[in-house]
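In: What would the 3D arrangement of this be:
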Amino acid sequence: MIARLAAAFAGNLAAERERWILWAPVAFAAGIGLYFSLPVEPPLWPWIAAALVVLGLWAALARGRPDPASGTTAVLGVGAIGLALVLAGGAAATFRAQSVAAPVLSRSLGPARITGRIVEVEDLPAGQRLILDGLRIPGLGREATPERARVRLRGRDDGLLVGERVAILAKLGPPPAPAAPAAFAFQRPAYFSRLGAVGFAFGRAHVLNIGTAGGEPGQEAGDGEGRASALTLWLSGLRQTIIARVRAALPGRNGAVAAALMTGDQGAIPADVLTDMRNSGLAHLLAVSGLHFVLVAGSVFFAVRGLLALVPPLALRYPIKKWAAVAALLSALGYLGVAGQSVATERAFIMAALVFLAVLVDRTAISMRTMAGAPPGILGSPPPSPVRPRFPLSLAAGPARGAGPASRRDRGRVVPPRGGRASSRGRGGRAPGGPAGAAPRRSPSSRTAAAASASSA
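Out: Prediction:
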């Protein structure tokens, strides 16, 4: 009995080999979830060593088998590769956690005059919130100084720009722990953002003169600069400029909502507006996701292709569709930099990029394989994503919409053994074009050719 069940399972597993790759993101995410469930911080090498051992054992067992993709060998192969992907997910999470390690305040400090470089400016309904790097905090050495700090200002100063060094009288503390058991743990995203201190300011932020390097006596030029690259600062400044211009054209809550629809920055939206949008089921529109990328990249794709089609020498001699795909891909990449790197934004960009890459290599643009390509890219970048509710909700939407049509299209399709030919029979064993047992329906061209041969005979 057990042998027959095992044989049936192996046969079904072998018949589904075209869909094995769709389960790769699930196994990878399971490994990241396993990492976060461990009570202690594991080193990196056990994950890698265990994955190599699993793959080595499978390769040794599969050597000499006549058909590695069928029967028990297929079950062992899928299990080994799945386990290796789980271990790879754990290794990726461990590597990410080790690579972003940064000092965190162990106690509250201040009020103290801190200096730092503005990395991000976030407008709030009442005030502003600054992300600072390159910090200098009195009484803390370089090894104990957090890499980044988040400081809230009570007032709003539209003159603060990304990249400027400021001095603030503030009170800082470590990232807060959960307010209740199983509540939101802000410490986790703060750790992976290298945010080692949070606090509030007393008064305004004062911009320091260039050349004083923070205004600290004895500090050399360039000392205290953070890790943020020039490209990161430029994109953050561009986002700040877009938000400022939108809110200048549309003052009040309308401008806050319009800025959120364009850039995903929801900080300035009043609480009552957010509550109304959640209650009406429209809050998802505020997150930059697939709708926004379709409007941006899709508009660029069709506009560029339409303009190129107006030039006959180009349209007839060159692949203008691929040129339009390149332009759309670049526009999507630029919009990703402006809109930030949330889970929904990264998922939408990766799926759009896979669609345009499929156009470039003459492959099917929209498929379940395309949808399965988004999770690995997101999982490899921010390991905390699988443990947030937004991750499964965001990534499950696309495959759920595509799984139904795919299952209806493949219903009744017979997957042949390895090396065989695919069956062209449709649902219920009918030949395409007619009822069961009927001859295949011929096209008009084939009927004309048959008539011509009959008349000539």
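
In: would you say A102 is within a helix?
Out: No: counting by DSSP: H, G, I helix; E, B strand; the rest coil, A102 is located in no helix; its state is coil.

In: is it true that it touches R194?
Out: Yes: at 4.3 Å, A102 and R194 qualify as touching, with contact defined as Cβ atoms under 8 Å. Heads up, the C-betas are built off the backbone N, CA and C, glycines and all.

In: Just the strands from the chain, written as ranges.
Out: Along the chain, counting by DSSP state E, strands occupy 109-124, 127-136, 148-153, 165-173, 195-201, 206-207.

In: I'd like the ones you listed written out as CSV, with mean neighbour count and distance to R19 added.
Out: Shown next, in CSV, are the strands of the chain (neighbours: other Cβ atoms under 10 Å; distance: least, Cβ to Cβ, whole Å):
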stretch, mean neighbour count, distance to R19
strand 109-124, 21, 42
strand 127-136, 21, 43
strand 148-153, 22, 43
strand 165-173, 21, 50
strand 195-201, 22, 40
strand 206-207, 14, 57
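
In: Looking at those strands, which is nearest to L5?
Out: Closest approach to L5 among the strands of the chain (Cβ to Cβ): strand 195-201, 52.0 Å.

In: so what sits against both of A102 and R194?
Out: 146-148 (Cβ atoms under 8 Å, 6 or more residues apart in numbering).

In: Closest to A332 out of the residues you listed?
Out: R148 (27.9 Å).

In: Report the contact partners of the residue lying closest to A185 once chain neighbours are set aside.
Out: Spatially, and ignoring its direct neighbours in sequence, A185 is nearest to P178 (5.0 Å; Cβ to Cβ, 6 or more residues apart in numbering). By Cβ under 8 Å, 6+ apart, the contact set of P178 is 184-187.

In: Tell me which two in those residues are the farthest apart.
Out: F184 and Q187 (9.8 Å).

In: Quick check: E120 vs Q98, distance?
Out: Distance, E120 to Q98, by Cβ to Cβ, to the nearest Å: 24 Å.

In: about what we covered before: the contacts of P178 into CSV, with extra columns for pLDDT and distance to G33?
Out: Formatted as CSV, the contacts of P178 follow (pLDDT from 0 to 100; distance: Cβ to Cβ, whole Å):
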residue, pLDDT, distance to G33
F184, 80, 18
A185, 82, 15
F186, 85, 20
Q187, 86, 18
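
In: Among the residues you listed, which are located in helices?
Out: Residues of the contacts of P178 located in helices (DSSP state H): Q187.

In: what distance separates the lengthiest helix in the chain from the centre of its chain?
Out: For the chain, the helix with the greatest residue count under DSSP H is helix 71-99. Here helix 71-99 is found 20 Å from its chain centre; the criterion is Cα atoms, centre = their mean, to the nearest Å.

In: Now for the residue nearest to V359 when sequence neighbours are not counted: which residues touch it?
Out: Of all residues not flanking V359 in the chain, A325 sits nearest, at 4.2 Å (Cβ to Cβ, 6+ apart). Applying Cβ under 8 Å, 6+ apart, we find A325 in contact with 301, 356-357, 359-360.

In: residue nearest the centroid of the chain?
Out: Most central in the chain under Cα atoms, centre = their mean is E346, positioned 2.9 Å from the mean C-alpha point.

In: these two touch, right, it and L333?
Out: No: judged on Cβ under 8 Å, E346 makes no contact with L333 at a distance of 11.7 Å.

In: picking that back up, separation between the residue nearest to V359 and F356?
Out: Noted for A325: a distance of 4 Å to F356, by Cβ to Cβ.

In: For stretch 35-45, what is the distance to the chain centroid?
Out: 23 Å.

In: Go through it and flag the buried ones.
Out: For stretch 35-45, the neighbour count (16 or more other Cβ atoms under 10 Å) marks Y35 as buried.

In: same question for it, mean pLDDT?
Out: For stretch 35-45, the mean pLDDT works out to 90.

In: any idea how the protein splits into domains?
Out: Following automatic domain parsing, the chain resolves into domains at 2-99, 109-226, 229-285, 290-410.

In: quick one: low-confidence ranges for this protein?
Out: 10, 13, 64-74, 209-228, 341, 365-457 (pLDDT under 70).

In: Setting aside sequence neighbours, what's the nearest residue to G255?
Out: Closest to G255 by Cβ to Cβ, 6+ apart is R247, at 3.8 Å.

In: hmm, I was thinking of L336
Out: In space, L336 is closest to F349, 4.5 Å off (Cβ to Cβ, 6+ apart).

In: which residues does the one you found contact?
Out: Contacts of F349 (Cβ under 8 Å, 6+ apart): 293, 332-333, 335-336.

In: just to revisit the earlier point, go through the longest helix of the chain and flag the buried ones.
Out: 71, 73-74, 76-78, 80-94, 96-97.

In: Output the contacting helices and strands for it.
Out: Applying 3 or more Cβ pairs under 8 Å, 6 or more residues apart in numbering; DSSP states H and E, we find helix 71-99 packed against helix 2-15, helix 24-37, helix 45-62, helix 187-192.

In: between the ones you listed, which gets nearest to V166?
Out: Comparing those by Cβ to Cβ, helix 187-192 comes nearest, at 21.0 Å.

In: Just the terminal-to-terminal distance for stretch 172-187.
Out: Taking Cα to Cα, to the nearest Å as the measure, stretch 172-187 stretches 15 Å from start to finish.

In: Over to stretch 156-172?
Out: By Cα to Cα, the extent of stretch 156-172 from end to end equals 20 Å.

In: picking that back up, so for A325 and F356, which residues contact both of them?
Out: Both A325 and F356 are in contact with F301, where contact means Cβ under 8 Å, 6+ apart.

In: if we can go back for a sec, buried ones among the contacts of A325?
Out: By neighbour count, with 16+ other Cβ under 10 Å, these hold 301, 356-357, 359 as buried.

In: and the two most separated of these?
Out: F301 and L357 (12.9 Å).

In: residues in contact with L238?
Out: 337-338.

In: And it, how far from A244?
Out: Remark: distance between L238 and A244 (Cβ to Cβ) = 11 Å.

In: Same question for P319.
Out: 40 Å.

In: next one: V198
Out: Taking Cβ to Cβ, one finds V198 at 25 Å from A244.

In: pretty sure I48 contacts A91?
Out: Yes: between I48 and A91 a contact is recorded at 5.6 Å, counting by Cβ under 8 Å.
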